[in-house]
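**Q** fold the following.
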Amino acid sequence: MMNKINRLFDSLREPSSKAPEKYHLGEVPMFAGRTPHRNSTLIVIISLYCAVCVELLPKLESVADVFDGEIVLVIDGDVNEAQAIQQHFDFSFDVLSASAEEFYNVYRPEITPYAYVLNPDRTIAYMGHVGEVATTKGTIAQLGLMPEVEEVSRS
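**A** This is a model prediction of the structure:
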């Protein structure tokens with residue numbers, strides 16, 4: 001009996017895939033061709049399943065006001081969700097959708113919300129948490145544009 005159960009679960013198990021290597025500063029990432037080629041570009045990567053990410057959405061237009069360059073938002077949703085977010089928040093920048101596979105293998109966020117800043121030559125100048133991205137007036141966190149995260153009591 002256990003042998004049958006083990007075979008059943010073995011057949012359902014997806015083959016384990018190796019995690020993609022993280023990008024490095026100065027590297028041109030695979031997604032660079034999907035962004036504007038004019039200025040430096042802030043790429044904000046959020047998951048629609050991340051509470052902090054969703055709370056960040058209404059503040060992103062304020063980030064656009066102080067970031068010296070272009071902004072692109074990437075979500076782990078479909079095209080309809082990306083269009084709905086762009087229209088709902090009236091963003092002045094592009095909102096791109098990414099499948100789960102593309103989100104993981106192409107954009108490679110270590111956490112969400114995650115950010116890359118690309119130089120005009122499309123090389124990575126910064127990568128990490130969105131709150132640490134430098135703007136013309138300080139980091140996003142210093143400007144109070146990151147949502148407050150409440151500690152949850154476990155008692």
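
**Q** what residue is smack in the middle of the chain?
**A** Ile45 (1.1 Å; CA atoms, centre = their mean).

**Q** A strand includes that residue, no?
**A** Yes: counting by DSSP: H, G, I helix; E, B strand; the rest coil, Ile45 is found in a strand.

**Q** so what's it scoring on pLDDT?
**A** Reported pLDDT at Ile45 in the predicted model: 95.

**Q** how far away is it from Lys137?
**A** Counting by CB to CB, to the nearest Å, the gap from Ile45 to Lys137 is 23 Å. Backbone N, C-alpha and C define where each C-beta goes, glycine included.

**Q** sorry, back to before: so what pairs up with the residue nearest to the centre of the chain in the strands?
**A** Applying DSSP bridges to Ile45 gives these bridge partners: Val74, Tyr114.

**Q** can you report how many residues neighbour the nearest residue to Glu27 once chain neighbours are set aside?
**A** Excluding its sequence neighbours, the residue lying closest to Glu27 (CB to CB, 6 or more residues apart in numbering) is Ile124, at 5.5 Å. Around Ile124 there are 18 other residues, counting by other CB atoms under 10 Å.

**Q** great, nothing more from me.
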